[in-house]
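Asks: When you get a sec, could you give me coordinates for this:
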Amino acid sequence: MMKILLSKLINDESGVTAVEYALMAAAAAAVVGVAGAAFYTKLETAFNAIDLTGSGGGSSN
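Replies: Sure, this is the predicted structure:
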């Protein structure tokens, strides 16, 4: 009796798909997080490089 129950438990794969989807979602979230952080760093560097001193040649009248 116990051998049959253990065999059924080992061969039961009904929850495997949900676990696989959860792992894929976690991996995708990690990739998006890393890519977003890299993009933010590059964007911040680009905006910090903009010169706003206003040394153009226009008149202020």
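Asks: Now stretch 22-40: average pLDDT?
Replies: For stretch 22-40, mean pLDDT rounds to 94.
Asks: chain center to that stretch, what's the gap?
Replies: On the basis of Cα atoms, centre = their mean, to the nearest Å, stretch 22-40 is displaced by 1 Å from the centre of the chain it belongs to.
Asks: same deal with stretch 18-26?
Replies: Relative to the chain's own centre, stretch 18-26 is displaced by 14 Å; criterion: Cα atoms, centre = their mean.
Asks: in that stretch, what's buried?
Replies: Neighbour-count burial for stretch 18-26, with 16 or more other Cβ atoms under 10 Å as criterion, is recorded at no position. From N, CA and C alone the C-beta is placed, and that goes for glycine too.
Asks: List of residues touching it?
Replies: Here stretch 18-26 makes contact (Cβ atoms under 8 Å, 6 or more residues apart in numbering) with no residue beyond itself.
Asks: please begin residue numbering at 899 from this point
Replies: OK, 899 is where the count begins now, so the last one is stretch 916-924.
Asks: Using CSV, list the CA coordinates for it.
Replies: Extracted as CSV, the C-alpha positions of stretch 916-924 are listed here (Å, rounded to 0.1, in the frame of the first residue of the first chain):
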residue,chain,number,x,y,z
ALA,A,916,3.3,25.9,-12.4
VAL,A,917,6.8,25.7,-10.9
GLU,A,918,8.4,25.9,-14.3
TYR,A,919,6.4,29.0,-15.2
ALA,A,920,7.3,30.6,-11.9
LEU,A,921,11.0,29.9,-12.5
MET,A,922,10.8,31.4,-16.0
ALA,A,923,8.9,34.5,-14.7
ALA,A,924,11.6,35.0,-12.0
